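In: turn this into a model:
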Amino acid sequence: MNFIKRAGITLWARKGRTILLMITSSVILMFVMAGLIIQNAALTSAKTATNSIGSTVTLSQNRTKMMKKMQKQMASSSSSSSSKPTFTQATTTIAKAKKIAALSNVASYNVSTSTSVNASGFSAVSTTTSSTQGGFGGGTSNSGDIQINGVSATAGATSFSDGTAKITSGRGIKASDEGTNNVVIESELASANSLKVGDTIKVADTSDSSEKTTLKIVGIYKVKTTTDGFSQQDPSNTIYGSYTLSNKIAGTVGKVSNVTYTMSDPSKTKAFVIAAKKILNDSDMTLTSDASSYKAAAKQMKGVASFASKIVWIVAIAGVLILGLIILLMTRERRREIGILVSLGETKGKVIAQLFTELLIVLAVALGVATAAGTAVSGSISNTLVQQQQSSQQSAATQGAPGGSGTSKTGGAPTGGGGMGGTTTAQTTDIDTVLTPAAVAELGGVAVLIALLSVGGAGITILRMKPKQILQAD
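Out: I've put the predicted structure just below:
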């Protein structure tokens with residue numbers, strides 16, 4: 001009778017002990033599997049979340065150089081009481097911005113434009129908390145009472161993508177509206193002036209009231225908040241149109257002062273900045289990278305993976321100790337059985353192999369239980385990690401560099417935020433499962449290692465046994 005057959009007979013004859021071993025082994029391997037799942041989920045979610053949000057590079061005016069220019073103007077104007085320092089916003093050409101967007105590693109780019117105008121033939125919504133604005137149509141001498149935010153598409157604007165604003169009538173601004181005067185207005189502004197989709201309104205230049213632009217209303221939206229990142233006035237006075245419309249009214253056709261580029265591979269951000277600066281070649285503009293979200297995500301998830309790896313080792317060591325102690329106690333109980341087998345000519349190596357086979361069969365059943373349990377929970381664990389990481393990154397990105405209306409490099413749907421203060425909006429990525437065949441194989445390896453080490457202690461005891469002494473003692 002070979003030792004494998006004896007192992008099966010022994011397990012079947014001692015069902016109670018076998019079941020107890022299976023339960024104990026299943027619990028140990030489930031803890032090991034949980035550690036492996038968390039480890040794989042952490043590494044996968046780090047890659048998925050950082051690639052989803054990625055890092056961004058913002059093209060904007062060089063504020064340091066701007067401040068130096070203003071200081072020089074103030075110093076030169078101190079001798080003249082009639083002159084005041086003026087500020088001209090630095091810009092670059094859209095052609096350069098698009099050339100930079102054509103570089104490799106650019107997933108999308110976001111253009112931000114805005115301008116201020118005065119209502120003509122209709123009234124702006126008054127802001128009672130503002131000391132600089134009056135009633136309907138009230139404005140300031142330096143800015144208009146209506147803010148026009150230029151976007152590539154309202155669907156990509158931050159206010160619309162995060163649910164702060166929602167189209168209630170008509171449609172939003174699309175990429176096809178480029179070069180047109182189509183606009184989307186807020187519902188309170190529409191109600192106050194009895195405006196509807198299809199109507200036209202006029203806005204006047206803040207410096208020349210005779211210079212007016214006719215706008216066609218193609219949609220009406222409703223905003224939930226009472227503040228707006230584009231201006232300090234009532235958000236109901238914000239009108240969305242194509243960025244080309246905003247540039248035309250502002251007199252900056254073909255110019256851009258703020259573009260946000262989203263990297264497809266955050267690790268190559270530095271190389272992109274170097275290449276983009278060569279194209280830009282303008283000291284009045286600067287390129288600043290924000291890879292902090294990417295680095296924070298990678299660091300956080302790698303920390304989780306490292307912690308999970310420690311869990312695997314700790315549980316594996318504990319499993320070896322627990323099962324080793326159980327096997328050792330079982331070996332003492334089976335001293336007579338082992339003595340008889342050796343007396344009949346069975347080698348001590350085969351006796352140890354029988355114990356190893358018994359434990360291996362038990363662990364094989366426990367491996368199946370742990371794998372089934374891991375498959376059931378791995379997807380939820382992975383998706384939870386990804387969602388938490390994306391949420392934390394988006395919160396950090398909201399406080400970071402300004403974005404704009406996103407235009408896909410490949411001409412696809414716009415991404416990111418709209419206008420000043422916009423941010424890149426990442427789509428939530430679900431992971432179906434992280435329990436790969438490699439993870440199961442790794443768990444199987446851990447099970448075999450536990451079996452070897454557990455039987456090893458008992459094997460030493462068996463090798464030291466002498467059949468005659470065992471039988472005489474019994």
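In: show me how far whichever strand or helix holds residue 34 is from its chain's centre.
Out: Using DSSP states H and E, residue 34 maps to helix 15-53. Its chain's C-alpha centre and that of helix 15-53 lie 24 Å apart, by C-alpha atoms, centre = their mean, to the nearest Å.
In: ok, stretch 319-339 next?
Out: Here stretch 319-339 shows a centroid-to-chain-centroid distance of 50 Å under the convention C-alpha atoms, centre = their mean.
In: what about the helices in the stretch 251-400 of the chain?
Out: For the stretch 251-400 of the chain, the helices defined by DSSP state H, counting those that start in this stretch cover 269-280, 292-333, 335-343, 348-398.
In: no wait, the stretch 101-250 of the chain
Out: Going by DSSP H, counting those that start in this stretch, the stretch 101-250 of the chain shows helices at 158-161, 187-192, 243-250.
In: okay, those helices, which one's buried deepest?
Out: Each of the helices of the stretch 101-250 of the chain was scored by mean neighbour count; the highest is helix 158-161, a mean of 25, by mean count of other C-beta atoms under 10 Å. Quick note: C-beta positions are derived from backbone N, CA and C, even for glycine.
In: picking up where we left off before, the helices of the stretch 101-250 of the chain: which one's closest to residue 310?
Out: When the helices of the stretch 101-250 of the chain are compared by C-beta to C-beta, helix 158-161 sits nearest residue 310, at 39.1 Å.
In: residue 8 against residue 362, yeah?
Out: No - the criterion here is C-beta atoms under 8 Å, and residue 8 misses it with residue 362 at 11.5 Å.
In: what mean pLDDT does the helix holding residue 34 have?
Out: For helix 15-53, the mean pLDDT works out to 76.
In: which helix or strand lies directly C-terminal to that helix?
Out: Following helix 15-53 toward the C-terminus (DSSP H and E): strand 56-61.
In: the more surrounded of residue 8 and residue 362?
Out: More neighbours surround residue 362 than the other of residue 8 and residue 362, with 25 against 13 (other C-beta atoms under 10 Å).
In: wait, that one touches residue 19, no?
Out: No - using C-beta under 8 Å, residue 362 makes no contact with residue 19, being 9.4 Å away.
In: which positions in stretch 200-210 come out as buried?
Out: Neighbour-count burial for stretch 200-210, counted by 16 or more other C-beta atoms under 10 Å, picks out 201, 203, 204, 205, 206.
In: now for the second one: which residues touch it?
Out: For residue 203, the residues meeting the contact criterion (C-beta atoms under 8 Å, 6 or more residues apart in numbering) are 117, 118, 119, 120, 144, 146, 148, 212, 213, 215, 239, 249.
In: now list the buried members of those residues.
Out: 117, 118, 119, 120, 144, 146, 148, 213, 215, 239, 249.
In: could those go into JSON lines alongside distance to residue 331?
Out: Formatted as JSON lines, the buried ones among the contacts of residue 203 follow (distance: C-beta to C-beta, whole Å):
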{"residue": "117", "distance to residue 331": "90"}
{"residue": "118", "distance to residue 331": "94"}
{"residue": "119", "distance to residue 331": "92"}
{"residue": "120", "distance to residue 331": "96"}
{"residue": "144", "distance to residue 331": "90"}
{"residue": "146", "distance to residue 331": "88"}
{"residue": "148", "distance to residue 331": "84"}
{"residue": "213", "distance to residue 331": "93"}
{"residue": "215", "distance to residue 331": "89"}
{"residue": "239", "distance to residue 331": "84"}
{"residue": "249", "distance to residue 331": "89"}
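In: of all these, which comes closest to residue 262?
Out: residue 148 (24.7 Å).
In: check contacts around the closest one.
Out: Residues in contact with residue 148 (C-beta under 8 Å, 6+ apart) are 114-117, 183, 203, 238-241, 245-246, 249.
In: about what we covered before: can you tell me which two in the contacts of residue 203 are farthest apart?
Out: Within those, 212 and 239 form the most distant pair, 14.4 Å apart (C-beta to C-beta).
In: now, which of the buried ones among the contacts of residue 203 lie within strands?
Out: 117, 118, 119, 120, 146, 148, 213, 215, 239 (DSSP state E).
In: please identify which of the residues you listed is nearest to residue 168.
Out: For those, the nearest to residue 168 is residue 239 (15.1 Å; C-beta to C-beta).
In: what's the pLDDT at the closest one?
Out: For residue 239, pLDDT reads 94.
In: before we move on, what about residue 300?
Out: pLDDT at residue 300 comes out at 67.
In: just the CA coordinates for stretch 3-19, please, in PDB.
Out: C-alpha atoms of stretch 3-19 as PDB (Å, rounded to 0.1, in the frame of the first residue of the first chain):
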ATOM      1  CA  PHE A   3       1.700   6.300   1.200                       C
ATOM      2  CA  ILE A   4      -0.700   8.400  -1.000                       C
ATOM      3  CA  LYS A   5      -3.400   5.800  -0.600                       C
ATOM      4  CA  ARG A   6      -2.700   5.600   3.200                       C
ATOM      5  CA  ALA A   7      -3.100   9.400   3.400                       C
ATOM      6  CA  GLY A   8      -6.500   9.200   1.800                       C
ATOM      7  CA  ILE A   9      -7.700   6.400   4.100                       C
ATOM      8  CA  THR A  10      -6.400   8.200   7.100                       C
ATOM      9  CA  LEU A  11      -8.200  11.400   6.300                       C
ATOM     10  CA  TRP A  12     -11.400   9.600   5.600                       C
ATOM     11  CA  ALA A  13     -11.200   7.500   8.800                       C
ATOM     12  CA  ARG A  14     -10.600  10.600  10.900                       C
ATOM     13  CA  LYS A  15     -13.300  12.800   9.400                       C
ATOM     14  CA  GLY A  16     -13.700  15.100  12.500                       C
ATOM     15  CA  ARG A  17     -10.000  15.900  12.600                       C
ATOM     16  CA  THR A  18      -9.900  16.300   8.800                       C
ATOM     17  CA  ILE A  19     -12.800  18.800   8.800                       C
END
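In: how far away from the center of its chain is that stretch?
Out: Relative to its chain's centre, stretch 3-19 lies at 51 Å (C-alpha atoms, centre = their mean).
In: ok, stretch 317-334 next?
Out: Put simply, stretch 317-334 sits 46 Å off its chain's centre (C-alpha atoms, centre = their mean).
In: now do stretch 348-356
Out: 52 Å.
In: same question for stretch 101-116.
Out: Averaging C-alpha positions (C-alpha atoms, centre = their mean) puts stretch 101-116 20 Å from its chain's average.
In: okay, now residue 320: neighbour count?
Out: Residue 320: 20 neighbours (other C-beta under 10 Å).
In: before we move on, what about the one 3 residues further on?
Out: Residues contacting residue 323 under the criterion other C-beta under 10 Å number 23.
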